[in-house]
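Engineer: How does the following fold in three dimensions:
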Amino acid sequence: MEKLDSRLISWATLLDEKTLEQAHTTARMPFIYPHLALMPDAHLGKGATVGSVIPTLGAIIPAAVGVDIGCGMIAVRTQFTKSQLVDRDLAGLREAIERAVPTSAGADNRKIVGTAAPRIAELEELADKAGFDPAGYAGRWRHQLGSLGSGNHFIEVSVDEGDRVWMFLHSGSRGIGNKIATHHIKVATRLCKQWWIDLPDRDLAYLVEGTPEFTAYIRALKWAQRFALLNREEMMDRVARQLSETMGEAVVEAERINCHHNFTQSETHFGKRVWVSRKGAIEAEKGRLGLIPGSMGTASYVVAGKGDPVSLNSSPHGAGRQYSRTAARKTFTIEQLRTAMDGIEYRDTDAFIDEIPQAYKPIDQVMADAAPLVEIRHTLRQLVNVKGD
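Structural biologist: Residues are numbered from 1 along each chain as shown. You can find the predicted model right below:
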């Protein structure tokens with residue numbers, strides 16, 4: 001931990017100057033209390049740094065929550081072992097998962113079936129109680145439930161240090177969450193301009209608690225966070241069905257963990273009630289289980305929080321990028337990706353070059369930096385990887 005100034009404390013040993021400058025800019029906003037906590041995976045983001053914990057008094061910065069509201073991880077430990085799985089048709093399992101879960105940007109379900117229906121009914125009821133219509137943001141939001149997306153979102157079948165098989169995936173609130181976030185970022189920008197507020201970065205535009213615009217955002221935000229959690233649950237159920245078919249018996253869940261890493265909620269820290277926006281960070285209060293993924297071809301972790309008060313009970317959410325997607329495509333080759341993915345069943349395509357492990361910070365260093373924040377419970381290594389273009 002390093003106290004960079006009275007408003008900024010960092011746990012990152014790998015930190016570039018642009019990211020540090022961005023974090024300082026956010027930390028100087030007048031409503032930050034008590035300080036901004038910078039996680040080990042911190043890297044440059046839109047408005048606010050990815051991998052930062054931003055506590056605010058009486059205001060929220062929508063861009064500091066991010067456009068993928070409620071993005072996070074879910075993992076399930078099964079009864080299967082590595083020896084039971086490795087001789088199965090892993091390519092067939094990957095293809096079955098790809099058929100069951102729509103991947104890629106803009107992809108969704110052609111029809112609503114099975115376990116999605118009651119989850120959609122729950123979301124309809126929540127939206128009605130919140131007094132807003134999700135269709136006003138995205139007409140096909142119901143069909144997006146149970147879809148993965150693209151970029152760094154993934155589905156994996158992995159094994160832990162005891163050779164137990166886990167299902168593991170990363171996704172959020174899909175197009176509907178993006179539309180909600182984008183709308184309210186624009187509202188915040190318009191209001192700050194209307195009120196002649198001089199912002200150090202236009203993406204730090206904020207909504208003031210007590211205004212109708214703030215209330216509308218919180219209602220939609222909470223709904224989108226619930227959508228993201230249920231989206232992961234729906235996909236996990238589908239992955240479990242495909243794994244069951246491959247193994248010839250139903251998956252028995254020994255453990256299930258589902259956590260956000262792009263979200264906002266009201267919490268008490270250092271004697272005051274604040275809004276805590278974790279943009280690329282997970283909640284890590286003492287004993288709380290969480291998930292920290294690596295990148296393609298590297299390890300991921302099941303962790304338990306240590307409840308560090310200075311970090312605002314938080315920890316990193318992953319490896320954190322070192323190269324932008326454009327820079328990664330210019331720097332690395334498909335041959336390097338194949339080497340990194342040796343021994344892992346995945347779809348061999350140059351579409352994933354920007355997700356190569358070398359584009360991210362070394363996850364081992366991130367976890368070493370995070371040692372004061374979380375305890376590692378399980379280390380997961382991939383056997384099967386599914387991603388969208």
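Engineer: out of all of them, which strand in this protein is the longest?
Structural biologist: strand 374-387 (DSSP state E).
Engineer: name the helices or strands packed onto the worst-scoring helix or strand of the chain on mean pLDDT?
Structural biologist: For the chain, counting by mean pLDDT, DSSP states H and E, strand 2-5 ranks last in confidence among helices and strands (a mean of 81). Counting contacts by 3 or more C-beta pairs under 8 Å, 6 or more residues apart in numbering; DSSP states H and E, strand 2-5 packs against strand 8-10, helix 17-27. C-beta here means a position set from N, CA and C on the backbone, and glycine is covered the same way.
Engineer: any idea which of these is most buried?
Structural biologist: Mean neighbour count (mean count of other C-beta atoms under 10 Å) peaks for strand 8-10 among the helices and strands packed on strand 2-5, with a mean of 21.
Engineer: Looking at the helices and strands packed on strand 2-5, which is nearest to Gln365?
Structural biologist: Among the helices and strands packed on strand 2-5, strand 8-10 comes nearest to Gln365, with 14.0 Å by C-beta to C-beta.
Engineer: Show me what that closest one packs onto, helices and strands only.
Structural biologist: strand 2-5, helix 17-27, strand 36-43.
Engineer: In the longest strand of the chain, which residues are buried?
Structural biologist: Within strand 374-387, the residues scored as buried using 16 or more other C-beta atoms under 10 Å are Val374, His378, Thr379, Leu380, Arg381, Gln382, Leu383, Val384, Asn385, Val386, Lys387.
Engineer: quick revisit: dump the helices and strands packed on strand 2-5 into a markdown table; add distance to Asp133 and mean pLDDT as well.
Structural biologist: Output for these, formatted as a markdown table (distance: least, C-beta to C-beta, whole Å; pLDDT from 0 to 100):
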| stretch | distance to Asp133 | mean pLDDT |
| --- | --- | --- |
| strand 8-10 | 40 | 97 |
| helix 17-27 | 32 | 95 |
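Engineer: Export these as TSV, with columns for distance to Glu255.
Structural biologist: Output for those, formatted as TSV (distance: least, C-beta to C-beta, whole Å):
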stretch	distance to Glu255
strand 8-10	32
helix 17-27	34
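Engineer: Only the C-alpha atoms, please, for the longest strand of the chain, written as PDB.
Structural biologist: Output of strand 374-387 as PDB, limited to C-alpha atoms (Å, rounded to 0.1, in the frame of the first residue of the first chain):
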ATOM      1  CA  VAL A 374      -7.700 -11.100   0.000                       C
ATOM      2  CA  GLU A 375      -6.700 -14.700   0.800                       C
ATOM      3  CA  ILE A 376      -6.500 -17.200  -2.000                       C
ATOM      4  CA  ARG A 377      -8.800 -20.200  -1.500                       C
ATOM      5  CA  HIS A 378      -8.500 -21.900  -4.900                       C
ATOM      6  CA  THR A 379      -6.300 -21.500  -8.000                       C
ATOM      7  CA  LEU A 380      -8.100 -22.400 -11.200                       C
ATOM      8  CA  ARG A 381      -6.400 -23.400 -14.500                       C
ATOM      9  CA  GLN A 382      -8.300 -23.600 -17.800                       C
ATOM     10  CA  LEU A 383      -9.100 -26.700 -19.800                       C
ATOM     11  CA  VAL A 384     -11.700 -25.200 -22.100                       C
ATOM     12  CA  ASN A 385     -12.100 -21.500 -23.100                       C
ATOM     13  CA  VAL A 386     -15.100 -19.900 -24.900                       C
ATOM     14  CA  LYS A 387     -15.100 -16.300 -26.100                       C
END
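Engineer: What helices and strands are in contact with that strand?
Structural biologist: Contacting strand 374-387 under the criterion 3+ C-beta pairs under 8 Å, 6+ apart are the following elements: helix 90-100, strand 154-159, strand 164-171, strand 289-292, strand 300-305.
Engineer: Taking helix 90-100 as reference, get the angle to it.
Structural biologist: Going by axes from the mean of the first three to the mean of the last three C-alpha atoms, to 10 degrees, strand 374-387 is angled at 80 degrees with respect to helix 90-100.
Engineer: Now do strand 374-387, average pLDDT.
Structural biologist: In this model, strand 374-387 has an average pLDDT of 97.
Engineer: and the angle from it to strand 300-305?
Structural biologist: 150 degrees.
Engineer: Next SSE downstream of the helix ranked longest in the chain?
Structural biologist: Secondary structure of the chain per DSSP state H: the longest helix is helix 212-247. Next helix or strand after helix 212-247 toward the C-terminus (DSSP states H and E): strand 255-260.
Engineer: Enumerate the positions of the least confident helix or strand of the chain that are buried.
Structural biologist: Neighbour-count burial for strand 2-5 flags Leu4 (criterion: 16+ other C-beta under 10 Å).
Engineer: ok, that strand: who's next to it in the sheet?
Structural biologist: strand 8-10 (antiparallel) (DSSP bridges).
Engineer: gap between the strand it pairs with and the chain center?
Structural biologist: Offset of strand 8-10 from its chain centre (C-alpha atoms, centre = their mean, to the nearest Å): 21 Å.
Engineer: How about residues contacting that strand?
Structural biologist: For strand 8-10, the external contacting residues (C-beta atoms under 8 Å, 6 or more residues apart in numbering) are 1-4, 23-24, 27, 35-38, 42, 310-311.
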